[in-house]
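Undergrad: quick one: sequence plus predicted model below, questions after.
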Amino acid sequence: NRQCRLQVLDEREEGAHVARVERHVAAAGRRRLPVLLLRGKQNVIDHIAPPVDRRAQFERIWLNRPITVLVVTAVLCVLSVARFDKVHFDYNLLNMQSAGLPAVVFEKKLINTASNSVLFCAVVATNLQQAAQLEHQLTNLTTVANVRSMSQFLAEDATPKLALIRQVKADASTVKFAPRDMQPTNVPELLQVLFSFQGFVGLAEDMVRKEGDVKLAQQFRSLKDAVQAWRNALVAASPAQAAQQTAFYQQALLDDLQDTFTALASQQASALRAEDLPTPLRNRFIGMTGKYLLQVFPKGDVWQREPQEAFVQELRTVDPNVTGTPVQLLEYTTLLKDSYIEAAWYATAAIALMVFLHFRSLVCVVLALLPVAIGTVWMVGFMGWMGIPFNPANIMTLPLVVGIGVTNGIHILNRFAEEKNPSILARSTGLAVLVSGLTTIAGFGSLILAKHQGIESLGYVMAVGTATCMIAALTFLPAVLQLLLKLGWRKEKAQ
């Protein structure tokens, strides 16, 4: 028993010692903990200021001044509307081609120098008598320069011409050609003859110029320059080569002249028939079914809208079924323009309906479409300031801008319905709207590098339209929401 009591006493003393040690440790910990906190990292972290959100600070510029934003937006809209009269629809397809391309340069040179327009309308007659009647009516129209057809040769009274043809035939049969000279040309003698001839041409030029006939004087001048170029070529070539080539030219010229007189002497002195026409002319103007083609050429430049429209409308008073390139251009460009404008209205109506079904609020429909409307006004104003017209290539931007621009407003309104906070740019929704807009601008903006002027204008218009709709959505719409919030308007989250 004594041994058991001693063991119990030892255990109690050991427990008391352990308790004293724990109390000393706890006291020391309480004394050292403030020192450790002061020297540790946690105290430093607690005193570090939170990071500054630059996007939020930037956005507060217009969120704190909603009235100013509305006024600035209205001023920009007024300035843009003031340039609307400078924006028109360019119907001329030539203005969309690549500038400086050799084919385009030659095409414009041909258009500017040709005696007739390169474009013409086509009228079809069922018989020769109708072709002659239509040709007479078309020639008297104010917008028609001339009419080409075979009716003027086949339907006219050939009696006066037949007598003249018989006389020409008789005179041509009396002309006899000596045997051709096959010897090389005497180049020095030819140079002397050309020099004398050039002098007489110069005297003739001076005489007609004094008489005031500028056109004939220019023709003499051209002949004089051609003779001089021939003399220069003869001098530059070797004597043997010049003599041989000149002899070949002389022989070919005399052969052609002899063939012409032979044809005149052997021609038939009878009325012209369709079978007598050269094959290319007969195949072009007379069909296999006996119908006759009349090519009607305009006086004005039918690449331009007003002369084109006047020309086609006047021709339709004679033949409602007239066709040809001017008619095709008129109908194609008109249909294209009207179709895209109509598509833009249909797109706006469909989008408005879907937005209404989503938010169940007419106010939200107006708010979602406001950035699109303002962005479109700014876009057209930019086109007026920069002199960029609408054309068959970039007119498609109208429905595209509506479809792309309205998504910004929908995303912003959805975020506002969730948080009741008009601050958008500092949040993920605003960043998504900004980045998606920039990527769209980059995509369409790459078209600006195109050589085709129509595609280039499409790039400008789409990039500017996307940018203006995005800017209006990120600045104007949050400012309007901030103002409505102050006025007590609330929008619950769409279900």
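TA: Yes, it's here. Numbering: from 1, shown residues only.
Undergrad: ok, longest strand in this structure?
TA: strand 292-298 (DSSP state E).
Undergrad: what angle sits between the helix or strand just after that strand and strand 292-298?
TA: Counting by DSSP states H and E, the element after strand 292-298 in chain order, helix or strand, is helix 305-316. Relative orientation of helix 305-316 versus strand 292-298 (axes from the mean of the first three to the mean of the last three CA atoms, to 10 degrees): 150 degrees.
Undergrad: the stretch 201-350 of the chain: strands as residue ranges?
TA: For the stretch 201-350 of the chain, the strands defined by DSSP state E, counting those that start in this stretch cover 292-298, 323-324.
Undergrad: name the residues that touch the first one?
TA: Under the contact criterion CB atoms under 8 Å, 6 or more residues apart in numbering, strand 292-298 has outside partners 116-117, 119-128, 130-131, 134-135, 138, 143-151, 284-287, 307, 311, 315, 322, 324, 326. In this view, the C-beta of every residue, glycine as well, is placed from N, C-alpha and C.
Undergrad: so which of those sit within helices?
TA: 128, 130-131, 134-135, 138, 151, 284-285, 307, 311, 315, 326 (DSSP state H).
Undergrad: could I get the residues you listed in JSON lines, plus columns for neighbour count?
TA: Below are the ones in helices among the contacts of strand 292-298 laid out as JSON lines (neighbours: other CB atoms under 10 Å):
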{"residue": "Leu128", "neighbour count": "17"}
{"residue": "Gln130", "neighbour count": "16"}
{"residue": "Ala131", "neighbour count": "26"}
{"residue": "Leu134", "neighbour count": "21"}
{"residue": "Glu135", "neighbour count": "23"}
{"residue": "Leu138", "neighbour count": "24"}
{"residue": "Ser151", "neighbour count": "25"}
{"residue": "Arg284", "neighbour count": "14"}
{"residue": "Phe285", "neighbour count": "21"}
{"residue": "Pro307", "neighbour count": "17"}
{"residue": "Phe311", "neighbour count": "31"}
{"residue": "Leu315", "neighbour count": "24"}
{"residue": "Pro326", "neighbour count": "24"}
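Undergrad: now the two most distant members of the residues you listed.
TA: Farthest pair in these (CB to CB) is Leu128 and Pro307. Separation: 31.1 Å.
Undergrad: beta partners for Ile286?
TA: Beta-bridge partners for Ile286, by DSSP bridges, are Tyr292.
Undergrad: re the thing from before, pLDDT check: weakest of the ones in helices among the contacts of strand 292-298?
TA: Lowest-confidence member of the ones in helices among the contacts of strand 292-298: Ser151, scoring 86 (pLDDT).
Undergrad: and the longest strand of the chain with helix 128-139, angle?
TA: 0 degrees.
Undergrad: excluding chain neighbours, what is closest to Val372?
TA: Gly405 (4.1 Å; CB to CB, 6 or more residues apart in numbering).
Undergrad: ok, the one you found - contacts?
TA: Pro371, Val372, Gly375, Thr376, Gly465, Thr466, Cys469, Met470, Ala473.
Undergrad: quick check: pLDDT value at it.
TA: So Gly405 comes in at 88 (pLDDT).
Undergrad: helix or strand: which one has it?
TA: Gly405 belongs to helix 397-419, assigned by DSSP H and E.
Undergrad: ranking the strands of the stretch 201-350 of the chain by burial, who's on top?
TA: strand 292-298 (a mean of 22; mean count of other CB atoms under 10 Å).
Undergrad: how far off centre is it?
TA: 30 Å (CA atoms, centre = their mean, to the nearest Å).
Undergrad: on that earlier part again, roughly how far is the helix holding Gly405 from the heart of the chain?
TA: 28 Å.
Undergrad: and for stretch 314-334?
TA: Worked out by CA atoms, centre = their mean, stretch 314-334 lies 23 Å from the chain centre.
Undergrad: what comes up buried for it?
TA: Glu314, Leu315, Val318, Asp319, Val322, Gly324, Thr325, Pro326, Val327, Leu329, Leu330, Thr333 (16 or more other CB atoms under 10 Å).
Undergrad: could you report the neighbour count for Met96?
TA: Counted with other CB atoms under 10 Å, residues neighbouring Met96 total 18.
Undergrad: for it, give me phi and psi.
TA: phi -100, psi -10 (degrees, to the nearest 10).
Undergrad: pretty sure it contacts His452?
TA: Yes: contact criterion CB atoms under 8 Å: Met96 and His452 qualify, at 6.7 Å.
Undergrad: what residues do those two have in common as contacts?
TA: With CB under 8 Å, 6+ apart, Met96 and His452 have common neighbours Ala393.
Undergrad: quick check: Ala155 touching Ala131?
TA: Yes: shown here, Ala155 and Ala131 form a contact pair, counting by CB under 8 Å, at 7.2 Å.
Undergrad: not counting its neighbours along the chain, what's nearest Ile67?
TA: Leu483 (7.4 Å).
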